[in-house]
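# Coordinates for the following, if possible.
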Amino acid sequence: MTEQHMTPVTDTPVDEPPKKTSRAGRDLPAAIGVGVVLGAIAIGVLLFAPIGWLPVLAVAIPIATYEVVRRLGEAGYALPVVPLLIGGQAMIWLSWPYGVAGTLGAYGGTIVVCMVWRLVGQGVREQPVNYLRDISATVLLATWVPLFASFSALLIFQEDGGVRTFIVIVTVVFADIGGYVAGVLFGKHLMVPAISPKKSWEGLCGSVLFGVAAAVLSVTFLLDKPAWVGIPLGLMLVITGVLGDLVESQVKRDLGIKDMGTLLPGHGGIMDRIDAMLPSAVAGWIVLTTLA
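Okay, the predicted model is just below:
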């Protein structure tokens, strides 16, 4: 009687295949889904109820601010989170009645309060530790997130303000799409591998092509302005968008983290999604205010 060879049955689970990501390191389906939802919200608000952009900023900006504060806190920084969050709200909302003066006044007031808050935060009887380091990071954060974002609020109150803000956003989005497509298909020559190992010169060319095209078409058909206005607008938004992304990449590299947050599947946190938008809001306000 011969023994039959039997395959032993075990309770060991079969390893699931790793989740597929794109060559750019994203969970592409999730990223596209989240991008579509966020884009629909932005289009609906900016084109049909532009003043609603202020509540959108008032929700998104403190989340992004807190994401950075939390990550810096994990690295040992002690930032005055309460005045940062309240000051960020003041920068956004004071743009409504007072324009640029309101935003800049709120920014200056926020920095002053943060300096005092951090000075006495450990008690007046104790010498503050790492005061210069923490205040430097505080000023950077207050400028980088709420102040820069407030420039998109300032655009709202110009003629066709919702359309102007929409043009800035859509240009940055198309520049990002162009950079992603060109980088995946043709990217061979890395641009700044020490900061971002996935950005290539070919991707930058794609960003310029898509970004300038989006700006020219948007300015011409949505604002009824000369097409040439879209050229400096597109170039400026591509440059600031790429630099904004690189700045956040370097900050994350310094902190040894991949993402600032986890709120948006395929993107990371709010800050990871708006890093290119923040300096671009400043550039867009400058170009559209002076040229259009």
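# ok, which stretches of the stretch 101-250 of the chain are strands?
Secondary structure of the stretch 101-250 of the chain (DSSP state E, counting those that start in this stretch): strands located at 190-192, 196-200.
# Redo these as CSV? Include mean neighbour count, distance to residue 267 and mean pLDDT.
Backbone N, C-alpha and C define where each C-beta goes, glycine included. Supplementary listing: these in CSV, determined by neighbours: other C-beta atoms under 10 Å; distance: least, C-beta to C-beta, whole Å; pLDDT from 0 to 100:
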stretch, mean neighbour count, distance to residue 267, mean pLDDT
strand 190-192, 16, 21, 91
strand 196-200, 18, 15, 87
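# which one of those strands lies closest to residue 159?
strand 196-200 (36.3 Å; C-beta to C-beta).
# Save the strands of the stretch 101-250 of the chain as JSON lines, and put in distance to residue 154 too.
Below are the strands of the stretch 101-250 of the chain laid out as JSON lines (distance: least, C-beta to C-beta, whole Å):
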{"stretch": "strand 190-192", "distance to residue 154": "31"}
{"stretch": "strand 196-200", "distance to residue 154": "30"}
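# right, so of these, which gets closest to residue 34?
Each of the strands of the stretch 101-250 of the chain has some distance to residue 34 by C-beta to C-beta; the shortest is strand 196-200, at 19.2 Å.
# List the contacts of the closest one.
For strand 196-200, contacts defined as C-beta atoms under 8 Å, 6 or more residues apart in numbering pick out 24-25, 179, 182-183, 186-192, 242, 245-246, 249.
# With stretch 158-167 instead?
42-43, 45-47, 49-50, 53, 152, 155-156, 215, 218-219, 222-223, 233, 284, 288-289, 292.
# Please indicate which of those residues are buried?
42, 45-46, 50, 53, 152, 155-156, 215, 218-219, 223, 233, 284, 288, 292 (16 or more other C-beta atoms under 10 Å).
# mind listing which of those are in helices?
Cross-referencing the buried ones among the contacts of stretch 158-167 against helices under DSSP state H gives 42, 45-46, 53, 152, 155-156, 215, 218-219, 233, 284, 288.
# Closest one of the residues you listed to residue 256?
residue 152 (30.7 Å).
# show me where the chain has helices.
Using DSSP H, helices in the chain cover 28-48, 53-74, 81-93, 95-120, 131-142, 148-156, 161-186, 201-222, 230-255, 270-274, 277-291.
# To residue 261, which of those helices lies closest?
Closest to residue 261 of these is helix 53-74 (C-beta to C-beta; 4.2 Å).
# pull the helix or strand with minimum mean pLDDT from this protein.
helix 28-48 (a mean of 83; mean pLDDT, DSSP states H and E).
# Show me what it packs onto, helices and strands only.
helix 53-74, helix 161-186 (3 or more C-beta pairs under 8 Å, 6 or more residues apart in numbering; DSSP states H and E).
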